[in-house]
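> Need coordinates for the below:
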Amino acid sequence: MIISNPWYGKGLPDFDPSGVSVAVDAPLRLLQHCPVAQATPLANCSDLAKRLGLAGLHVKDERTRMRLGSFKALGAAYAIAKQADAKRTASGGDMPWEDTLKGEVFVTASAGNHGLSVAAGARIFGAKAVIFLSESVPGDFADRLRSFGAEVVISGKTYEDSMSAALDRVKNQGGQILSDTTWPECYTGVDIMEGYLVMAAEAFDAIDTPPTHLFLQAGVGGLAAAVAAYARQRYGDAPRIIVVEPDAAPALMQAVEKGRVVTASGDVSIMGRLDCKEASEVALAGLAAHANDFMTISDADCTHLIAELEDYDLATSPSGGAGYAGMRLAMDQGLLDLNDQSRVLLFLSEGPIDA
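Numbers count the residues shown, from 1 in each chain. Next up, the predicted model:
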């Protein structure tokens, strides 16, 4: 299903589309304090583009980002580094970076890669991370979090249950919630989205000719909103920006249709990172203003289509390759003006395991 965005260029009533800064200099500077920070590759998939009948296809490959396996590494690491920078500046600038946040406790719920970013960022700057996981998260993921020094708490059957437990922990024991989504009482997701700007800036700097199409997979919308905002600042109206969601979790599409945040309903999707039933408010505000189209894809189509990427050394998970699957579906159906003049940019947001 594809809908044209009726709010493009103006945004939803009573929603501020400028919630995410597009000033990338701060994230670029502060993330250099992370020992393994470096740019990820941009694959020029000319052979695949030729096979598909496109003028060009570039894929930003986030599978190696900061050795954490996902674009999410940029988000919480930057949000934590931003706090460390502020505290260090207030102290006169002499405090060692690794001591700046001693005594601070960052608490979050995670279904995957966001928790790793919180744990890694907290360790770099001397803070403690407490990560709440639901019972459905694999045990080896919990072990990986512990390897970064995080305290792991298993609570509830769903992500929503674990987030509720995390909020209770902060209420009763103190600490800071560091969520990668936003709602009226929590805007930590804004800093996290600003961290994602680094990924967009690296990709745009490496491309000689601006893309005509960006397909951006979305769960709560943080990745898509950050990239879309930066694309508009960089290229204006030129690229057609398409947001891709699972048909089991069309939270952004339904919110745009109804003009407000809604709770979507649907089965559990194999696109686990994207299986979010409610949009981030700040992300929704930005995408309503900046995205041209919203589309949904099925689990079956996603699984079938991302298998094509394995032949080009771009194996990914259903979540990581949903943007590619959306592009391929649109091409098969002759939609979204994709043709032999199109130059497409995609983001491969994580490695092959979606669990």
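
> going forward, measure contacts between C-alpha atoms and count neighbours the same way
Noted.

> Where does the nearest residue to T316 once chain neighbours are set aside sit: helix, strand or coil?
Of all residues not flanking T316 in the chain, P352 sits nearest, at 3.7 Å (C-alpha to C-alpha, 6 or more residues apart in numbering). Three-state assignment for P352 (DSSP: H, G, I helix; E, B strand; the rest coil): coil.

> 529 is where my numbering starts, stick with that
Sure thing, new numbering starts at 529, so read that last one as P880.

> and the closest residue to M799 other than its chain neighbours, what helix or strand is that in?
Nearest residue to M799 in three dimensions, chain neighbours excluded: S847, at 4.5 Å (C-alpha to C-alpha, 6+ apart). Using DSSP states H and E, S847 falls within no helix or strand.

> Return the residues in contact with S847.
745, 798-802, 877-878, 882 (C-alpha atoms under 8 Å, 6 or more residues apart in numbering).

> Could you do Q761 as well?
V550.

> burial of L725, as a residue count?
Neighbour count for L725, taken as other C-alpha atoms under 10 Å: 29.

> dump the residue contacts of it.
Contact analysis of L725 by C-alpha under 8 Å, 6+ apart lists 550, 552, 555, 754-755, 758.

> Ok, T686 next?
Residues near T686 by C-alpha under 8 Å, 6+ apart: 662-664.

> Where does the residue positioned nearest the centre of the chain sit, in terms of helix or strand?
Nearest residue to the geometric centre of the chain (C-alpha atoms, centre = their mean): L751, 3.2 Å. Here L751 sits within helix 750-763, counting by DSSP H and E.

> and what of V658?
strand 656-661.

> pretty sure F599 is in contact with S877, am I right?
Yes - using C-alpha atoms under 8 Å, F599 is in contact with S877, at 5.5 Å.

> sorry, back to before: quick check, pLDDT for the residue nearest to M799.
pLDDT recorded at S847 is 94.

> again with V872
Predicted confidence (pLDDT) for V872: 98.

> give me every residue that touches G814.
Here G814 is in contact with 539, 544-548, 753, 756-757 (C-alpha under 8 Å, 6+ apart).

> For stretch 733-751, buried residues please.
When burial is assessed from 16 or more other C-alpha atoms under 10 Å, stretch 733-751 yields the following buried residues: 738-751.

> To clarify, my last question referred to stretch 543-554.
Applying 16+ other C-alpha under 10 Å to stretch 543-554 flags 543-545, 547-548, 550, 552 as buried.

> same check, this time on stretch 783-796
For stretch 783-796, by 16+ other C-alpha under 10 Å, it's 783-785, 787-790, 792.

> ok, back up a step: next SSE after the helix holding L751?
strand 768-774.

> and the gap between the residue lying closest to L864 once chain neighbours are set aside and D696?
Spatially, and ignoring its direct neighbours in sequence, L864 is nearest to A858 (6.5 Å; C-alpha to C-alpha, 6+ apart). The spacing between A858 and D696, counted by C-alpha to C-alpha, to the nearest Å, is 44 Å.

> which of those two has more neighbours?
Neighbour comparison, A858 and D696: the larger count goes to A858, with 17 against 12 (by other C-alpha under 10 Å).
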